[in-house]
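In: what follows is a predicted structure for the sequence shown.
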Amino acid sequence: QSRLVESGGGLVQPGGSLRLSCVTSGFTLDFNAIGWFRPAPGKEREEVLCSGSDGSTYFADFVKGRFTVSRDNAKRTVYLQLNTLRPEDTAVYYCAAGPTSSTTCSSGMRYWGKGTLVTVSG
């Protein structure tokens with residue numbers, strides 16, 4: 001059974017940082033893209049970034065220069081580093097996985113986690 005479990009969310013002040021983790025199981029991480037998503041007004045979700053299986057990364061414009069992603073395939077874990085957080089970054093962050101070769105993870109995601117809540121306030 002394929003699973004993704006996010007963790008690392010919490011309450012942080014504006015300008016602060018958090019690192020989210022997405023632990024995967026049941027599929028080969030090396031061959032899959034990992035996308036991070038969050039809900040957005042007027043649509044089901046918006047893509048935050050996409051970490052391709054080829055090492056490429058797509059960043060949404062609103063996170064460029066602030067968020068980064070890294071993989072530890074041996075630990076089957078993908079990390080999302082959130083820096084310079086803003087109140088509008090408050091959301092549940094979901095990771096997803098799929099064997100897409102597309103530049104983005106907007107389609108082709110097969111497996112989804114249940115999310116971790118990030119609250120930027122203070």
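Out: The structure has been received and is ready for your questions.

In: give me the nearest residue to the residue nearest the centre of the chain, chain neighbours excluded.
Out: Relative to the mean C-alpha position of the chain, the nearest C-alpha, by CA atoms, centre = their mean, is the one of W36, at 2.4 Å. Excluding its sequence neighbours, the residue lying closest to W36 (CB to CB, 6 or more residues apart in numbering) is V48, at 4.3 Å. Bear in mind the C-beta positions are built from the backbone N, C-alpha and C, glycine included.

In: so for the helix or strand containing the one you found, mean pLDDT?
Out: For V48, the enclosing helix or strand under DSSP states H and E is strand 43-51. Strand 43-51 shows a mean pLDDT of 93.

In: for that strand, which positions count as buried?
Out: 47-51 (16 or more other CB atoms under 10 Å).

In: helices or strands up against it?
Out: Under the contact criterion of 3 or more CB pairs under 8 Å, 6 or more residues apart in numbering; DSSP states H and E, strand 43-51 touches strand 33-40, strand 57-59, strand 67-72, strand 77-82.

In: quick one, which of the ones you listed is packed in tightest?
Out: Using mean count of other CB atoms under 10 Å, the stretch among the helices and strands packed on strand 43-51 with the greatest mean number of neighbours is strand 33-40 (a mean of 22).

In: contacts only, for the spatially closest residue to T77 that is not a sequence neighbour.
Out: Of all residues not flanking T77 in the chain, V23 sits nearest, at 5.1 Å (CB to CB, 6+ apart). By CB atoms under 8 Å, 6 or more residues apart in numbering, the contact set of V23 is 4-5, 7, 75-77.

In: just among the residues you listed, which is most surrounded?
Out: Greatest neighbour count in these, by other CB atoms under 10 Å, goes to L4: 24 neighbours.

In: hmm, back to that, parallel or antiparallel, which strands does the strand holding V48 pair with?
Out: strand 33-40 (antiparallel), strand 57-59 (antiparallel) (DSSP bridges).

In: before we move on, back to that, so which of the helices and strands packed on strand 43-51 is nearest G98?
Out: Checking the helices and strands packed on strand 43-51 against G98 by CB to CB gives strand 33-40 as the closest, at 6.0 Å.
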